[in-house]
Every structure is written in structure tokens, then in C-alpha cells.
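# Next comes the sequence, and after it the predicted model I'd like to discuss.
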Amino acid sequence: MSKNLSIVNKDLKEERDKINFNVEEFTNWFYGGAEKVKEKKYIENYFLSDKDLNLELDTSYLSYKDKYEEAVRRSIVVYKKLYKLHNEMGGTHEDFVKIMENLRFTMGAINPEGNPFVLHFSMFALTIMNMTNDEQKAEWLPRIFNCNILGTYAQTELGHGTYIQRLETTATYDPKTKEFTLNSPTLTSYKWWPGNLGHTVDHAIVMAQLYSQGKCHGIQPFIVQLRDSETHKPLPGIDIGDIGNKVGFQTVNNGFLGFKNVKVPYKNMLMKNSKLLEDGTFIKPKNAKLNYGTMVIIRVHMIIDAACRIAKATTIALRYSLVRRQSPINPNEIEPKIIEHITQQNKIFPGIAKAVVFKCMADYLTKLHLSITQEGNTGNLARMPELHALSCCLKAVCTNEDAKTVEVCRLSCGGHGFLRSAGLDDVYRNSTAAQTYEGENTVMLLQAARFLIKSFNEARNGGSLTEGVKYLFDFIGRNGKREIFDNSINGILRAIQAAAAGRTYIAWKHIEDDKRHNSIEVATNLAGVHLTKAAELHGYVCLLQVGIEEIEKIIRNVSPALGLVFKNILELFAVDLILNKIGDVIQHVDISNEDIEKLEKQMETLFKFFRTSAIGVVDGFDFSDPIIDSTLGSYDGNVYENLINAARKSPLNQEDVNRTFHLYIKPFMKSNL
């Protein structure tokens, strides 16, 4: 729907008339510049205007099987158009990446319950690009790029997920035949969950335990053909299928996969990092974590996905809140827009701030990942543990916040938020799914905590620390004295740092105490709750620290009016954070009841200032109506018309009398029970 102000709900138009900054300027920042916004809009329209996609069909009413088949059909339409557009734009790899980035939201609108090809263009392609030697790249990338093969990434098993060191799938090398034999020795060794595996793809990157010369050399990646390229029938020894109905992502086609004596050529082991000579001699990589580089990239991408889901949910919730009128604040006045209730502001405004700060973190982490990867390519792996820990920690913190925030937005829409047509259902399902895929969040926090404990020991011994954990020095330097609180932005940062360092110390102390009677492994397990709390707080430290640094840079490069909005957003994020973590802060910071009351008053003042800016910010997220796909969150704000029109499309409303009346209801009513 075009943004025609003449048909916009009068209450929403009234709100937009009060915006005191340039919304387009904010949009340009959010998407990385005016040129990128232009490309995004062009690409969205290029795809979403195609009538062959049949976007008028509400797929939520279809059966499980029909949803998958429609998603495949729509995706093929999209990818054909994608390649046509790619050739028109010049046909370079950079052009292709640019289009794929701009398809992030478009694919969500086309297939709201997931894309049955998404793993081919993400983890499958990324793994080939990052973990193969030049010869393998030359063989596989053209086939991937041209979709001559379709692939996925098969790591998780029925019995093991995040703890990949204990995966059970085996790949045994025979130097005589120069082949690997893949086997699933137990039921729990079956691959389980890989997206697109069930019926869509014909190849997979399979992570398996490599056996050669009678020894196990740990997890290695292999390219394995699963289905015949002509018939698509499973190849001999391949047991494969769809895992069935799920809470969400119904059309991603997650699958199971088992092997029985499946032969794989020598050249199909990915050998950029680990290497196996033809005689079976194994050459270890410089760093075993290099084999998991794809997972790090995906976790970095997940942070921007979390930011965008929150942005979408808050857009829906705010637009609805500016149109919905209910519950007079003053009984002598008309019912106000529900956004006038401060409890409603408290539900929505902090979420908008999170979307912006998460976006800042995603941009920062993308640059950091590129920098550290370039260092790794030259043999410098010093910062690799920091990147791994940070990606784990932020994946957990951001997806947890994502799920909580989207659910709060749904609740803020009252009963109407429970409707599928409200547009929050699929957002919430995707948010909750992200808490467990690519690493279950508790395990992610524990992995990050290991880095924290190691860093804490370094700090105690006067060693060097990476920039992100230097705050541990301050805690040790205070020698037990509590941080003095002040409510400035940097004062709030110091308080969260003190809480994170204090919680890290508690976890460290528990481990040290328990080591007297237990192994280090048992002691670490007993400290698990403290470790996860420490890692979570460290994640918030990183978010606030990067948020401050990045937003200060942004403010210097935007108009004064937009700069004030960013300042307001940063303060909102900081004050909301410390109020939500006040229990942890009280333990380690000299903060009084009066200080807490001041923070609560500060939040009320921030809400007041943000009240007129909020609609400009969510409009600045620039979700077109087909992308936001919400009766409550459309640009025109015509909520009630949208709701009734959506209801009329229900299959049950296509006839006046459903057949169940004559079959069951009428006989029941006349049975005189």
C-alpha cells in the first residue's frame, strides 16, 4: 500500500504531523545510506509486485504439506527473478550479496513461515566459501551459485546439539580407495534439525568424526550428495525425511538424516583448515575453532535479525497504540489513545531503543568479525577467542531480549494481538526459535563465561586483556570497595560493568572453592548458574558500551534534531537496562533507594520526550505494508477496517452454513438428550 496521507487514520496523521526530525534521515542511517535505501525499495517492489507470487493467498489456512509446496513454488519464482535482476545489475558476486541482503525482509513477507531454500544461500554457501581450498571452491561455488545443486548444513544430531565435540556420525577414510565411509552408528547419531534437509536439498555439509589410520581426529566437514540429481530419490544408504510439524518455521523443511556405509570421495572433505593427505596422514589446523567459522558468521547475522524483529514488533504495537482509544485517564474526558497510558509507553518505548542499539551492535560486530577474520587469514589468531565468546554471548542476550520484547508488544495490543492477522505471531515464533537454533542460549552463555573466567584470571595476575573485558581491572583495583553510582550514561555503564565483574568474581570464587573437593569440570558445573549470570551481564555491558560509542559517532554526523532523538534512545536503553538489572547492581554498586527513585523519574521524563519522536523512528524502520503484513500495523492506521476485511477472508466465511451444521449440530440439537 502506498503512503497516501489522504487515507491515513486521522489520529495517526496527527501524530506524524508532530514529528520534529527528518524520518528519511533516520531510515538512511538504519540501512546504511540513501543509496542502500533506494536499492532496498527497488528490490522489494521488484519482487513483491509480481502477481505470480499470489501473495493474496493467506498460507496460514493451508495444511502442513500445502504450506511447504506453496513456499517452494513462491521461492522458485523469487530466485528466478533474483538471477534475472543479478544479471541486470552486472552479475558480480558483490551484486548478488547486495540483493540477498535486501531480500531479508522480502522473503519473510513471501514465506512468513520460513524459506525452504534459506540454508543453501547461507550456511551451505558460506561454509564452502570459508572452509574450502582454491581447488574445491572452483569445483563447488559455480554449482552452488547457479543452483545446479541445492545444499544445507547438517551438524546437529538427535543426541547432540550445541556440544558438537561428541557428535556420533563417523567418516572413516580408506587410503586404498581414497574414500570416506559415513555411518550413523546409533539412533542418536541421526542428523536432526538441518533446515531444508527434509525434501528440498540434494547435498549437505555433514559434520562427522574423522577416523584415519586407526585414530579419531575430531569433527571435520564433508560435502555429501544425498539425493539423485535427476530423480531426487535418496541415494543408497541414505535415510532422509522431514521431522514433522513444529511450533514455527513450518516451511523451512527441517529434516533427519542417517547414513549406512555411504561412500564419499577424498576430495569432498573440506580442507582449508584441517588437511588429510591421501595416505591418511592428518594435519591439524592452526586453531580447531576455524572449522566452526560459519557458526560465528551466522550468530553475527542473528543479532541484526533480532534487531529487525524487535523493530517490526514495535512498529505494529506503536501504530496500533496511536489509533486504539480506550480507558479514560480522566473520567470527564473522551477515551484517549492508549499510548497516553504510561504503562503502554513502558511496554513499547524501551523496545524501540533496543532495536536501535542492537543494530549498532550488529554493525560493530560485523566490522570486528571482518577484522579478526583477516587477521586469522594471516595466521594471527589472538583475537579469535574474543570473537567466539562475544558472538556466543550476544547471540544469547539479543535473542532472549528479542523474544521477551516481541511478546510484550503482542500483549500491548490486547486481544487483537492474539490474531494471526495482527502480524505478531510469526515474529514471535521466529524470535523464540532463535533462542535455541545455532546454539542453545544457556550453552552459549556458558561458552562465553569460560572466556570471562580466563580473562578474570589474567586480570588477577596482571596480564593483558582485550578491550571488551578491561573493566575487570577496575573491579580488581577497587579491592572490594563498591562502585559509587551516578545516573549519567557513563555512570550507568560503570554500574553494569561493576555488576558483571562482581558476578564474574562470584562465579570464579565458587569454582576455586569447589576445586578443593572436586575436579575443575565438576566445580565449573556447580558454578553454572553464576557463570550464566556473569556472561549475560557481560553481554549487556557490551551492548551499552558499543551503543554509547556508536551513537556518539552517529550524533556527530546527523542533524541536531535527529541527534537529540538518538541521545534520547541511548538514555532510554541505559535506564531501562539498569532498572531491569537493579538486583545485580545493588550487590556490587553503592546505590541508594533515592538513586533508584531518580532513575524511575528519569525514565518517565525520557518517555515524555520520546512520545512525539517514537512514530518517526518506527516509520523510519521503513517496513512497507506487504513486509509488515499486519492488520494492526499498516501505514494507514485503518485498524478496524483491516481487521474486518481479514476476518471475511477466513475459509469458514466463504459459505453461510458450514456442512457441520447438517452433519452434526442439527442432529445433536434435535436429539433431546
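Looks like it came in fine.
# Heading C-terminal from the helix or strand harbouring residue 533, find the next helix or strand.
With secondary structure defined by DSSP states H and E, residue 533 is part of helix 528-557. Where DSSP H and E defines the elements, the next helix or strand beyond helix 528-557 is helix 560-580.
# tell me the angle that following helix makes with helix 528-557.
Computed with axes from the mean of the first three to the mean of the last three Cα atoms, to 10 degrees, the direction of helix 560-580 lies at 170 degrees from that of helix 528-557.
# mind checking how far the next helix or strand after helix 560-580 is from the chain centre?
The helix or strand immediately downstream of helix 560-580 is helix 582-588, counting by DSSP H and E. Helix 582-588 has its C-alpha centroid displaced from the chain centroid by 29 Å (Cα atoms, centre = their mean, to the nearest Å).
# Can you name every helix or strand that helix 582-588 contacts?
helix 489-514 (3 or more Cβ pairs under 8 Å, 6 or more residues apart in numbering; DSSP states H and E). Placement of C-beta: from N, CA and C, glycine included.
# Check which residues of the following helix or strand past the helix it packs on are buried.
Sequence-wise, the next helix or strand downstream of helix 489-514 (DSSP H and E) is helix 520-526. By neighbour count on 16 or more other Cβ atoms under 10 Å, the buried set for helix 520-526 is 523-524, 526.
# Columns distance to residue 383 and pLDDT on top of those, output as CSV?
Converted to CSV, the buried residues of helix 520-526 look like this (distance: Cβ to Cβ, whole Å; pLDDT from 0 to 100):
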residue, distance to residue 383, pLDDT
523, 28, 95
524, 24, 95
526, 31, 96
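# can you tell me which helix in the protein is longest?
When the chain is parsed with DSSP state H, its longest helix is helix 342-377.
# Least confident secondary structure element in the protein?
Ranking every helix and strand in the chain by mean pLDDT, DSSP states H and E puts helix 93-110 at the bottom, with a mean of 76.
# got the CA positions of that helix in CSV?
The C-alpha atoms that make up helix 93-110 are tabulated as CSV, following Å, rounded to 0.1, in the frame of the first residue of the first chain:
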residue,chain,number,x,y,z
HIS,A,93,29.4,-11.6,-6.6
GLU,A,94,29.1,-8.3,-4.7
ASP,A,95,25.8,-7.6,-6.6
PHE,A,96,24.5,-10.9,-5.6
VAL,A,97,25.3,-10.4,-2.0
LYS,A,98,23.7,-7.0,-2.1
ILE,A,99,20.4,-8.4,-3.5
MET,A,100,20.4,-11.2,-0.9
GLU,A,101,20.9,-8.7,1.9
ASN,A,102,17.9,-6.7,0.7
LEU,A,103,15.8,-9.9,0.4
ARG,A,104,16.0,-10.4,4.1
PHE,A,105,12.6,-8.8,4.8
THR,A,106,11.1,-9.6,1.4
MET,A,107,11.5,-13.4,1.8
GLY,A,108,9.8,-13.1,5.2
ALA,A,109,6.8,-11.5,3.6
ILE,A,110,6.7,-14.0,0.8
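# Counting by contacts, list what that helix packs against.
Counting contacts by 3+ Cβ pairs under 8 Å, 6+ apart, helix 93-110 is packed against helix 34-48, helix 64-88, helix 293-321, helix 625-628.
# Can you dump the C-alpha atoms of the shortest one in CSV for me?
Spelled out, it's helix 625-628. Provided in CSV are the C-alpha atoms of helix 625-628 (Å, rounded to 0.1, in the frame of the first residue of the first chain):
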residue,chain,number,x,y,z
ASP,A,625,2.8,-2.9,4.3
PRO,A,626,3.5,-6.2,2.5
ILE,A,627,6.6,-6.6,4.6
ILE,A,628,4.9,-5.8,8.0
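# Against which helices or strands is it packed?
Other elements packing on helix 625-628 under the criterion 3+ Cβ pairs under 8 Å, 6+ apart are helix 34-48, helix 93-110, helix 293-321.
# Can you tell me which of these is most buried?
Neighbour counts (mean count of other Cβ atoms under 10 Å) averaged over each of the helices and strands packed on helix 625-628 peak at helix 293-321, with a mean of 25.
# Quickly list the domain ranges of this protein.
Following automatic domain parsing, one gets these domains for the chain: 1-31+292-663, 149-285.
# distance between the last one and the chain's centre?
Meaning domain 149-285. Worked out by Cα atoms, centre = their mean, domain 149-285 lies 25 Å from the chain centre.
# May I see the buried residues of the helix holding residue 533?
For helix 528-557, using 16+ other Cβ under 10 Å, the buried residues are 530-548, 550-551, 554-555.
# So what angle separates the directions of it and helix 293-321?
Using the same axes, to 10 degrees: helix 528-557 against helix 293-321 is 70 degrees.
# Next secondary structure after the least confident helix or strand of the chain?
Downstream of helix 93-110, the first helix or strand assigned by DSSP H and E is helix 118-119.
# Mind giving me the packing neighbours of that following helix?
Here helix 118-119 touches strand 151-154, going by 3+ Cβ pairs under 8 Å, 6+ apart.
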